[in-house]
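A.B. asks: Pasting the sequence and the predicted coordinates here, then a few questions.
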2 protein chains.
Amino acid sequence: MLDAHRLALLAEVAHAGSIAGAAQRLSFTPSAVSQQLAKLERDVGARLLHRNPRGVTLTAVGEGLLTHAETIVGELRTAERTVRALLGEEPAQLTVGTFASAGATLVPPALAGFREAHPAVALRLLDLEPPDGYGLVSSRELDLLITHRYPGAPLPDPRGLERTLLRSERFRLILPEGHAKARVRRLTLRGLAGEDWISGSPGVPNRVCLEQLADAAGVRLRVAHESRDYQVILALVEAGLGIAFVPESVLDRAGRARIEVRDAADAQPARDVFLVHHKRPGRLVTEMADRLRA
Amino acid sequence: MLDAHRLALLAEVAHAGSIAGAAQRLSFTPSAVSQQLAKLERDVGARLLHRNPRGVTLTAVGEGLLTHAETIVGELRTAERTVRALLGEEPAQLTVGTFASAGATLVPPALAGFREAHPAVALRLLDLEPPDGYGLVSSRELDLLITHRYPGAPLPDPRGLERTLLRSERFRLILPEGHAKARVRRLTLRGLAGEDWISGSPGVPNRVCLEQLADAAGVRLRVAHESRDYQVILALVEAGLGIAFVPESVLDRAGRARIEVRDAADAQPARDVFLVHHKRPGRLVTEMADRLRA
DNA sequence: TGCTGCCATCAGCCACGCTTACGGCTGGAG
DNA sequence: CTCCAGCCGTAAGCGTGGCTGATGGCAGCA
């Protein structure tokens, strides 16, 4: 039988991306982790890691084993909670993973309300960019994951987890205050093709989404500035450096920023925001999910 | 995080019914097992076992943990198989659990055909009396379980496993050759209330079933002889010591036994025979299941 | 060419888990 | 009743497994 500790180690290394990183998180020396992984590879009779000079990546066998490792670690944690529940003890901790803009808008009120209702429960918040995080839910490092999908991006395999749509969030087009195009009645991507756009780096979901919209409209947009942080994008637009699509919730918090908010007639993107948790979640997880939905 | 080895130990002890028994199966000394279990109890912070003079039984917490322990052990074995499959290796072993009468009738031809088709696969057969065996499928000690349910007996919780009805098997009433009642046109339980009956011990499923039938018919039957082995029952009936209900398949194999086969007009019991295996079974398991269905 | 990350290997040490040995307990046989 | 045969638990030793710390190889970068 495989050793669960070593599998947990594999998951940790896969997540950290390097043996040294995992070792640090676990308060071990890299040597110890390296030795354990070597033994795991001996156990399964195959290489699990590609050793690169800048860290490690998983082999195909490693990837296959990783999924199981995460569910096994998750099952071990689940077993522990079952016992705690049987002993009538309250879960002492609730860990929520979220992407940045939800972390700034959607999550804080829910967390605040929850803390008030359950002062004894230690709340933890983690930042995670989609499509990451599913593995951490599987392995019970996260109780609840808030993730999203941009149109066109594939929805990750739920791996036996429960995924529910929390809301669908419109994107709006923002321009610098007083921008010439802001006075145009009917804005289209074609009409905005000459502008400087601001979006994520190539391959990042919102960039992919933007490019698909442009393709659909038959135009090529020039992305002049790249940032994945919507607060940065907002600031760039305010400074007159370009135009961008941003989620509506970001604007709610922006107060009276010096921008113009419009919509493009031929491109009205929206991203779906999902909650992900184990099937049969605990009472606290359910409550937190309800608060997030409210 | 709990230790998977200790959980596996718990499962083994639960199955064996005693620490000493589990130790023997695992080629350890009872002392080692006892120490590990004590540490597991310390880990979870609760007693898991009731120490009786004649072995151990699980506490409520122990029962709760056992289910998880079995799924964890099963997941570990599943992970191992996934790796084997990824490496292109054939599964080397297939373990089938069955109850005795199926083991004598239904299973052998399927096993023989399978062995011919896959001579490299080591086949193992285990005897198990229902409702046992589900845990062994969960923990992957069994690939396939053939189990049954007598009418009136509860169907065990499938625990996330796949359970399909293989067949429904009639019971027939057998009497010694030349028995006076064999000439009666319409046999009823009431009419047979004066006979010596042969059945399992109190609490055994077929005994429970017989008593429920008797209750329904408003009579009390006298069970003179107790055996759970239908070959023994058959021999007792042949010897003129009583009458009994036996599954039809037992009679198929009995050849020309010196008995009379009849049916009771007011009691025609049947038991359901089920196949139990993991969701997403391997190719070999599917094939064996198909052979059993044929 | 040094420097700085990374990973692997080796030697040494500590702790965990095994065995052996013993004692307490209960239930059945002589 | 006594004795025995099973259980289970504890205590003391010992070996192995897994940790640390040191060293070396390797790739990328100034």
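C.D. replies: Received, thanks. Numbers count the residues shown, from 1 in each chain, chains lettered A, B, ... in the order given.

A.B. asks: Beyond the lengthiest strand in chain A, next helix or strand please.
C.D. replies: The residue-count maximum for a strand in chain A (DSSP state E) belongs to strand A:162-176. Heading C-terminal from strand A:162-176, the first helix or strand you meet, by DSSP states H and E, is strand A:196-199.

A.B. asks: got a list of contacts for that following strand?
C.D. replies: With Cβ atoms under 8 Å, 6 or more residues apart in numbering or on different chains as the test, strand A:196-199 has contacts from A:206-207, A:210, A:221-227, A:233, A:236-237, A:241-245. Any C-beta I mention is one placed from the backbone N, CA and C, and that applies to glycine too.

A.B. asks: Narrow these to those in strands?
C.D. replies: Taking DSSP E as the definition of strands, these contribute A:222, A:223, A:224, A:225, A:226, A:244, A:245.

A.B. asks: coming back round to it: then the longest strand of chain A to PDB, C-alphas only?
C.D. replies: These are the backbone C-alpha positions of strand A:162-176, laid out as PDB (Å, rounded to 0.1, in the frame of the first residue of the first chain):
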ATOM      1  CA  GLU A 162     -20.000  20.400  -5.700                       C
ATOM      2  CA  ARG A 163     -20.000  23.500  -7.800                       C
ATOM      3  CA  THR A 164     -22.900  26.000  -7.900                       C
ATOM      4  CA  LEU A 165     -23.300  29.200  -9.800                       C
ATOM      5  CA  LEU A 166     -23.100  32.100  -7.400                       C
ATOM      6  CA  ARG A 167     -23.900  34.900  -9.800                       C
ATOM      7  CA  SER A 168     -23.100  36.000 -13.300                       C
ATOM      8  CA  GLU A 169     -21.300  39.300 -13.400                       C
ATOM      9  CA  ARG A 170     -21.500  41.800 -16.300                       C
ATOM     10  CA  PHE A 171     -18.400  43.500 -17.600                       C
ATOM     11  CA  ARG A 172     -18.600  47.200 -18.400                       C
ATOM     12  CA  LEU A 173     -16.500  49.300 -20.700                       C
ATOM     13  CA  ILE A 174     -14.700  52.100 -18.900                       C
ATOM     14  CA  LEU A 175     -13.100  55.100 -20.500                       C
ATOM     15  CA  PRO A 176     -11.200  58.100 -19.100                       C
END
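
A.B. asks: Now do that strand, average pLDDT.
C.D. replies: Strand A:162-176 shows a mean pLDDT of 88.

A.B. asks: how far does stretch A:141-159 sit from the chain's center?
C.D. replies: Stretch A:141-159 has its C-alpha centroid displaced from the chain centroid by 7 Å (Cα atoms, centre = their mean, to the nearest Å).

A.B. asks: Can you give me the buried ones in that stretch?
C.D. replies: Buried positions in stretch A:141-159, judged by neighbour count with 16 or more other Cβ atoms under 10 Å in any protein chain shown: A:141, A:142, A:143, A:144, A:145, A:146, A:147, A:148, A:149, A:150, A:153, A:156.

A.B. asks: for the residue nearest to the first one when sequence neighbours are not counted, what are its contacts?
C.D. replies: If the residues on either side of it in the chain are set aside, residue A:141 comes closest to residue A:95, at 6.7 Å by Cβ to Cβ, 6 or more residues apart in numbering or on different chains. Counting by Cβ under 8 Å, 6+ apart, residue A:95 makes contact with A:123, A:124, A:125, A:126, A:141, A:142, A:143, A:144.

A.B. asks: And residue A:129, by the same measure?
C.D. replies: By Cβ under 8 Å, 6+ apart, the residues touching residue A:129 are A:99, A:100, A:228.

A.B. asks: Of those residues, select the buried ones using a PyMOL command.
C.D. replies: Buried residues within these, by 16+ other Cβ under 10 Å, are selected in PyMOL with:
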select buried, chain A and resi 99+228
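
A.B. asks: hmm, back to that, check which helices and strands the longest strand of chain A sits against.
C.D. replies: helix A:230-238, strand A:244-247, helix A:248-254, strand A:259-262, strand A:270-277, helix A:283-293 (3 or more Cβ pairs under 8 Å, 6 or more residues apart in numbering or on different chains; DSSP states H and E).

A.B. asks: CA atoms only for the last one - export them in CSV, please.
C.D. replies: Once side chains and other backbone atoms are set aside, the C-alpha atoms of helix A:283-293 remain, and they are given as CSV (Å, rounded to 0.1, in the frame of the first residue of the first chain):
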residue,chain,number,x,y,z
ARG,A,283,-22.9,23.3,8.6
LEU,A,284,-20.5,26.2,8.7
VAL,A,285,-19.6,25.8,5.0
THR,A,286,-23.3,25.9,4.1
GLU,A,287,-23.8,29.0,6.2
MET,A,288,-20.9,30.8,4.6
ALA,A,289,-22.2,29.9,1.2
ASP,A,290,-25.6,31.2,2.1
ARG,A,291,-24.0,34.5,3.3
LEU,A,292,-22.1,34.8,0.1
ARG,A,293,-25.3,34.3,-1.9
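
A.B. asks: in the stretch 151-294 of chain A, which segments are predicted with low confidence?
C.D. replies: Filtered on pLDDT under 70, the stretch 151-294 of chain A yields the residue ranges A:152-153, A:201-203, A:253-257.

A.B. asks: Now do the longest helix seen in chain A and helix B:60-86, the angle between them.
C.D. replies: Looking across chain A with DSSP state H, the single longest helix is helix A:60-86. In terms of direction (axes from the mean of the first three to the mean of the last three Cα atoms, to 10 degrees), helix A:60-86 departs from helix B:60-86 by 170 degrees.

A.B. asks: Give me the contact status of helix A:60-86 with chain B.
C.D. replies: Yes - Helix A:60-86 reaches chain B (Cβ under 8 Å from any Cβ of the partner chain) through A:60-61, A:64-65, A:68-69, A:71-73, A:75-80, A:82-83, A:86.

A.B. asks: Contact partners for residue A:211?
C.D. replies: Residue A:211 neighbours (Cβ under 8 Å, 6+ apart): residue A:221.

A.B. asks: and if you look at the one 10 residues further on?
C.D. replies: Residues near residue A:221 by Cβ under 8 Å, 6+ apart: A:189, A:192, A:193, A:195, A:197, A:210, A:211, A:214.

A.B. asks: Can I get these in CSV including distance to DNA strand C?
C.D. replies: Formatted as CSV, these follow (distance: Cβ to the nearest atom of the strand, whole Å):
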residue, distance to DNA strand C
A:189, 43
A:192, 43
A:193, 43
A:195, 41
A:197, 35
A:210, 34
A:211, 33
A:214, 38
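
A.B. asks: Farthest-apart pair in the residues you listed, please.
C.D. replies: Using Cβ to Cβ, the contacts of residue A:221 span at most 15.1 Å, a distance reached by A:195 and A:211.

A.B. asks: Could you tell me how far residue A:285 is located from residue A:162?
C.D. replies: Note on residue A:285: its distance to residue A:162, by Cβ to Cβ, to the nearest Å, is 10 Å.

A.B. asks: who's more crowded, the two?
C.D. replies: Neighbours per residue, other Cβ atoms under 10 Å in any protein chain shown: of residue A:285 and residue A:162, the larger number sits with residue A:285, 20 against 16.

A.B. asks: before we move on, back to that, could you pick out the buried ones from the residues of helix A:60-86 next to chain B?
C.D. replies: Of these, these count as buried by 16+ other Cβ under 10 Å: A:61, A:64-65, A:68-69, A:71-73, A:75-80, A:82-83, A:86.
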